[in-house]
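**Student:** The amino acid sequence is not available; the structure is as follows:
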């Protein structure tokens, strides 16, 4: 019989794919991250859902205020978890396509978190790719925006 944990994880995956009700989906994902901070799988799936939901400017705006901090908290709490780091770096790459989010990530210490993920998981190509994408956006905030950040996506 499926547990509450199974239902939450399944719903997070589905919410990331459902862009029809984006603001409601974003609120639900952020709520799950706040309610289950000690569950690595929920944090991983939530970061993955946020990456999908941040695929446009409206999604990025909805996530930015609270979501950036929650993503970075998940990265710090689960620094050894490949899945969390992979999903979080991917979400940060998507979110740092927007200049305001670049500033927020940098001010929250996110550059150090991305670099820490790269160092700890140096053999994971997905983390390396997504972390490099986020760092590229953070390093070149005004250079041909947003084309340069998406070039290797």
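**Tutor:** Done, it's in. Computed from a prediction, not measured in an experiment: that's the story for all the values here.

**Student:** Tell me the pLDDT of residue 2.
**Tutor:** Looking at residue 2, its pLDDT reads 49.

**Student:** repeat for residue 57
**Tutor:** Residue 57 carries a pLDDT value of 78.

**Student:** what's in contact with the lengthiest helix in the chain?
**Tutor:** Taking DSSP state H as the criterion, the chain has its longest helix at helix 57-77. Contacts with helix 57-77, where a contact means Cβ atoms under 8 Å, 6 or more residues apart in numbering, come from 19, 22-23, 26-27, 29-30, 33-34, 37, 43-44, 46-47, 50, 53-54, 84-85, 88, 91-92, 94-95, 97-98, 100-101, 104-105, 108-110, 113-114, 116-117. For the C-beta atoms, the positions are set from N, CA and C on the backbone; glycine is no exception.

**Student:** Flag every buried residue along that helix.
**Tutor:** 59-60, 62-64, 67-75 (16 or more other Cβ atoms under 10 Å).

**Student:** Throw these into CSV and include distance to residue 135, thanks.
**Tutor:** Output for the buried residues of helix 57-77, formatted as CSV (distance: Cβ to Cβ, whole Å):
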residue, distance to residue 135
59, 21
60, 18
62, 24
63, 19
64, 18
67, 19
68, 15
69, 19
70, 20
71, 15
72, 14
73, 20
74, 18
75, 14
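
**Student:** Would you mind measuring the gap between the ends of stretch 90-100?
**Tutor:** End-to-end distance of stretch 90-100: 17 Å, with Cα to Cα, to the nearest Å as the criterion.

**Student:** Now do the end-to-end distance for stretch 76-83.
**Tutor:** Termini of stretch 76-83 sit 13 Å apart (Cα to Cα).

**Student:** and what of stretch 75-83?
**Tutor:** Start-to-end span of stretch 75-83 (Cα to Cα) is 10 Å.

**Student:** from the chain's centre, how far out does whichever helix or strand comes after the longest helix of the chain sit?
**Tutor:** Next helix or strand after helix 57-77 toward the C-terminus (DSSP states H and E): helix 82-95. Helix 82-95 sits 4 Å away from the centroid of its parent chain (Cα atoms, centre = their mean, to the nearest Å).
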